[in-house]
Every structure is written in structure tokens, then in C-alpha cells.
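**Student:** next come a sequence and a model predicted from it.
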Amino acid sequence: GSSWNNCDFETNLCRVLPEFSLQPGWIRRNGQSGMGPPYFDHNGNESAYFLTLSSEMQSSSAALRTSVFLPTDEEHLCQIRFHYWVSQMSRTLMVGLQKLSEDTVTNIWQVSGELRNQWNINTITINSTEKFEV
């Protein structure tokens, strides 16, 4: 059967993103924080929380790292569905896959600022014969 880990940032980061995965630059906030857009989450809720990059991070990059997932097979697929908002043309959002036997992160999806200033949704299916992080 399928099991979803839902991550909404309402109380904390959630099981998928351990607390230590929040590198400097990421802020947990909502639309009422006075930090500028977005002023609501993907459901239009002004008080719902999401993660955003701080304005001090304009020149550099910041990563979010998941906990370790088990290998996938025909019965156990891994799908990651997420909502995202890109506010600047110069920014790129990337999803990478790191298998535990490898030191490098393989880029499996990316988007730049063509869908700007709106919430978008994406689903990625991941296949890995060994344990991995995203």
C-alpha cells in the first residue's frame, strides 16, 4: 500500500525534512510575516506556513536535505510532490538525488523563473536500488 508523509510546516519541519536539514538562509514563515510575497500559501491561506529563502541569500545557494529513504522497487515507488514559488528570474530551484554509495548529488529536476510570482506544483518519481536522500 501507499503511505504519504505530508509536510506542511505548520508546527515544525516534519519527518521528511529533519531539523538539521534547514541550512542557513531558509526561514519558516507565513504570508503575514511582513517579509513580502508570497502573502499566502498554495491554498490561499495567509496564516499557513511555508519555507522561504531570506533576502540576504540573493547571491548564494541554500539546500534542504531529506532524511534517508529506503530503496525503491515495483511495489515501493517514491513520489515527491511539492508546491513552489519562484519570485526572481535569476533564481533556479533544483531537486537532486544522492545515493548513499555516491558522494555527488545528481540533478533530477530544475526550474528557473519563467513561472514567476505564482504557486506551482510538481511531482517527481524517484527510482533507486539503494538508500538515498533528496
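**Tutor:** Cool, the structure landed.

**Student:** just give me the neighbour total for L17.
**Tutor:** Using other Cβ atoms under 10 Å, L17 is surrounded by 20 other residues. Where C-beta positions appear, they are placed from N, C-alpha and C, glycine not excepted.

**Student:** one more: M35?
**Tutor:** 14.

**Student:** same question for the one 3 residues further on.
**Tutor:** A count of nearby residues for P38, using other Cβ under 10 Å, gives 18.

**Student:** ok, now which ones touch it?
**Tutor:** G31, F50, T52, W85, S87, N117, W119 (Cβ atoms under 8 Å, 6 or more residues apart in numbering).

**Student:** please dump those into JSON lines; it should also carry neighbour count for every row.
**Tutor:** Compiled in JSON lines, the contacts of P38 are given as follows (neighbours: other Cβ atoms under 10 Å):
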{"residue": "G31", "neighbour count": "19"}
{"residue": "F50", "neighbour count": "21"}
{"residue": "T52", "neighbour count": "20"}
{"residue": "W85", "neighbour count": "17"}
{"residue": "S87", "neighbour count": "14"}
{"residue": "N117", "neighbour count": "11"}
{"residue": "W119", "neighbour count": "15"}
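
**Student:** got those as TSV, with pLDDT, distance to P24 and secondary structure columns?
**Tutor:** As requested, the contacts of P38 are exported to TSV (pLDDT from 0 to 100; distance: Cβ to Cβ, whole Å; DSSP: H, G, I helix; E, B strand; the rest coil):
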residue	pLDDT	distance to P24	secondary structure
G31	94	23	coil
F50	93	18	strand
T52	89	13	strand
W85	90	20	coil
S87	80	19	coil
N117	82	25	coil
W119	93	25	coil
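
**Student:** what residue spans form the domains of the protein?
**Tutor:** 11-61, 66-133 (the TED database).
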